[in-house]
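>>> here is a sequence together with a model predicted from it:
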Amino acid sequence: MSVARGARRPDFFIVGAPKSGTTAMYAYLRSHPGLFLPERKELRYFGADLDIRNRVALTEDEYLAHFRDAPVEALVGTGYVWYLYSRTAAREIHDFNPNARIIVMLRDPVSMLHALHSEHLSNGNEDIEDFELALAAELDRRAGRRIPRQAHLPQGLLYSEVPRYAEQLERYFDAFGREQVHVILFDDFVAAVEEAYRGTLRFLGVPDGHRPASFEVVNPNRKIRSQRLRAVLSQPPELPRRVIRRLVPARLRRAAFARVKELNVQVAPRPPLDPDVARRLQEAFADEVVRLERLLGRDLSVWKQPVASAGVDGTLA
């Protein structure tokens, strides 16, 4: 993977996990005068093994163009939450910049998956509204069945694979060494946001005296108002699409499309998490949590306690 001569490239990457506070951390870091992060967070360039559909991959020049306005003295950062899941991204990022610093944010598997299912519904990657039924569909989806037509990341529907944190972290530890990887637990982030933010600044080696205007909620849970409209927006009928493309300038099309998508989404609590489903998930990931405890040298007993059934948990994620 070549890099354009003289181009700025990221010095650090927020690589995941999904629904674990990465959007909030990205926003807070973006406010720091010594850091430069593009307005667009989810810039995917690495992760050759990720099956991204209905979206055109960035070329190298397009990717690097997002960092060309970075001040010379600023550290450059970017993020994509599925780099942690990817089996190839760690090595690809290392080949791109072996000195890069990696930020990983992890959330207990049960509440993360509950939140991820809700996000998949809101962005069109999922069409099974019942969380338990979506989990049960994994065997079919592994065989390529019951994948929503508008799905942009079918791998994200293999819910049992997403929170395999230990093996995912090991790939980054192996590639970069532990000293270049900073792990933040969602529990710590929510309990002491400013402390987690300042700890990240220290990891990046920039002054930690700056404070964002506020540590506000950045990415609350969202719900689609109309799944039918969402499907039409994802794959518009051919004839109307051709007519609109011919009559409406591209800039106006993009603005109108974005506005309709925005109006079709509302902030709303997730449906309560069924305690029986939560218990079964905890049992399924018990060994994984133990493996992560050993890897981090951290007690994760809080992840083994009964999960609250509240709907808007993870509003920072």
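Nice, I can see it.
>>> show me where pLDDT drops low in this protein?
1-6, 215-244, 247-248, 250-251, 253-270, 308-317 (pLDDT under 70).
>>> let's go with 50 and repeat that
Judged by pLDDT under 50, the chain has its weakly predicted residues at 1-4, 309-316.
>>> for it, which segments count as helices?
Using DSSP state H, the helices of the chain run over residues 22-30, 60-65, 89-96, 109-123, 131-136, 138-142, 165-176, 186-191, 193-204, 227-234, 238-247, 250-263, 275-284, 286-296.
>>> what residues sit buried inside the longest one?
Within helix 109-123, the residues that qualify as buried by neighbour count (16 or more other Cβ atoms under 10 Å) are 109-123. (C-beta placed from N, C-alpha, C; glycine too.)
>>> list the helices and strands that helix packs on?
With contacts defined as 3 or more Cβ pairs under 8 Å, 6 or more residues apart in numbering; DSSP states H and E, the packing partners of helix 109-123 are helix 131-136, strand 222-224, helix 275-284.
>>> could you redo the last one with a cut-off of 6 Å?
Using 3 or more Cβ pairs under 6 Å, 6 or more residues apart in numbering; DSSP states H and E as the contact criterion, the secondary-structure elements in contact with helix 109-123 are helix 275-284.
>>> just want the angle from the helix it packs on to helix 109-123.
120 degrees (axes from the mean of the first three to the mean of the last three Cα atoms, to 10 degrees).
>>> for the residue most central in space within the chain, give its distance to Ala57.
Nearest to the mean C-alpha position of the chain, counting by Cα atoms, centre = their mean, stands Val81 at 3.0 Å. Plainly put, Val81 is 17 Å away from Ala57 if you go by Cβ to Cβ, to the nearest Å.
>>> distance of the closest residue to Ala115 other than its chain neighbours from Pro98?
The spatially closest residue to Ala115, leaving aside those adjacent along the chain, is Lys19, at 3.9 Å (Cβ to Cβ, 6 or more residues apart in numbering). Between Lys19 and Pro98 the distance, using Cβ to Cβ, works out to 29 Å.
>>> and the two? Which one has more around it.
Under the neighbour definition other Cβ atoms under 10 Å, Lys19 and Pro98 were set side by side, and Lys19 has more, 27 against 11.
>>> where does that one fall, phi/psi-wise?
Torsion angles at Lys19 (phi, psi; degrees, to the nearest 10) stand at phi 50, psi 40.
>>> pretty sure it contacts His117?
No. Using Cβ atoms under 6 Å, Lys19 and His117 do not qualify as a contacting pair, with a distance of 9.4 Å.
>>> just checking, the residue nearest to the centre of the chain touches Ser20?
No. Taking Cβ under 6 Å as the contact criterion, Val81 and Ser20 are not neighbours in contact, 7.8 Å apart.
>>> for burial, what's the neighbour tally of the residue lying closest to Leu113 once chain neighbours are set aside?
Excluding the flanking residues, the one nearest Leu113 by Cβ to Cβ, 6+ apart is Tyr159, at 5.3 Å. The number of residues packed near Tyr159 is 23, by other Cβ under 10 Å.
>>> and the contacts of stretch 289-307?
The contact list for stretch 289-307 (Cβ atoms under 6 Å, 6 or more residues apart in numbering) reads Asp108, Val110, Ser111, Tyr165, Ala166, Asp187, Ala278.
>>> in contact with the first one, which residues?
Taking Cβ under 6 Å, 6+ apart as the definition of contact, the neighbours of Asp108 are Trp303.
>>> phi, psi of it?
In terms of degrees, to the nearest 10, the main-chain angles of Asp108 are phi -60, psi 140.
>>> quick one: it from Val290, how far?
With distances defined as Cβ to Cβ, the gap from Asp108 to Val290 amounts to 13 Å.
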